[in-house]
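Trainee: Provide a 3D model corresponding to the input given below.
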Amino acid sequence: MSNLMSMFFGPLDKSSCVYFLIICGIFFISLVMVLASELMFIVMHFNKLNFRVISNGILILFNVFLAYFVNRLLYTMCTKSLA
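Mentor: Okay, the predicted model is just below:
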């Protein structure tokens, strides 16, 4: 019973920190893509911009950046705590 509990609920090794690195990379690529698409949208529809469109773009950028930063922070914490 103890082996079963430690297998499912025990501490993980350092190789499991790669999960946070992969998610961090995915969110960084998403951040670059969202930034590029927002800039292209602003350039193409410059005359029709209003506050709602700009604020929605800023909020989307902030959310993707926050997800990137949190996963980068978690990766750093994971690697430093299991060193």
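
Trainee: Show me what the strand or helix carrying Ser55 is packed up against.
Mentor: Using DSSP states H and E, Ser55 maps to helix 51-81. For helix 51-81, the contact count by 3 or more C-beta pairs under 8 Å, 6 or more residues apart in numbering; DSSP states H and E identifies helix 18-44 as packing neighbours. Quick note: C-beta positions are derived from backbone N, CA and C, even for glycine.

Trainee: What residues of the helix it packs on count as buried?
Mentor: For helix 18-44, a neighbour-count test (16 or more other C-beta atoms under 10 Å) marks 20-21, 23-24, 27-28, 30-31, 34, 38 as buried.

Trainee: And for stretch 48-57?
Mentor: Buried, per 16+ other C-beta under 10 Å, within stretch 48-57: Gly57.

Trainee: where does His45 fall, phi/psi-wise?
Mentor: The phi and psi values for His45, taken as degrees, to the nearest 10, are phi -120, psi 40.

Trainee: Quickly note the distance from Cys24 to Leu31.
Mentor: Distance of Cys24 to Leu31, computed by C-beta to C-beta, to the nearest Å: 10 Å.

Trainee: Show me whatever sits in contact with both of those two.
Mentor: By C-beta atoms under 8 Å, 6 or more residues apart in numbering, Cys24 and Leu31 have these common neighbours: Tyr68.

Trainee: Neighbours of the spatially closest residue to Leu35 that is not a sequence neighbour, how many?
Mentor: Spatial nearest neighbour of Leu35, chain neighbours left out: Leu61 (6.3 Å); criterion: C-beta to C-beta, 6 or more residues apart in numbering. Neighbour count for Leu61, taken as other C-beta atoms under 10 Å: 14.

Trainee: okay but Leu61 is in contact with Met33, surely?
Mentor: No. Judged on C-beta atoms under 8 Å, Leu61 makes no contact with Met33 at a distance of 10.9 Å.

Trainee: List the contacts of the closest residue to Cys78 other than its chain neighbours.
Mentor: Using C-beta to C-beta, 6+ apart and skipping the chain neighbours, the partner closest in space to Cys78 is Cys17 (3.9 Å). Counting by C-beta under 8 Å, 6+ apart, Cys17 makes contact with 75, 78-79, 82.
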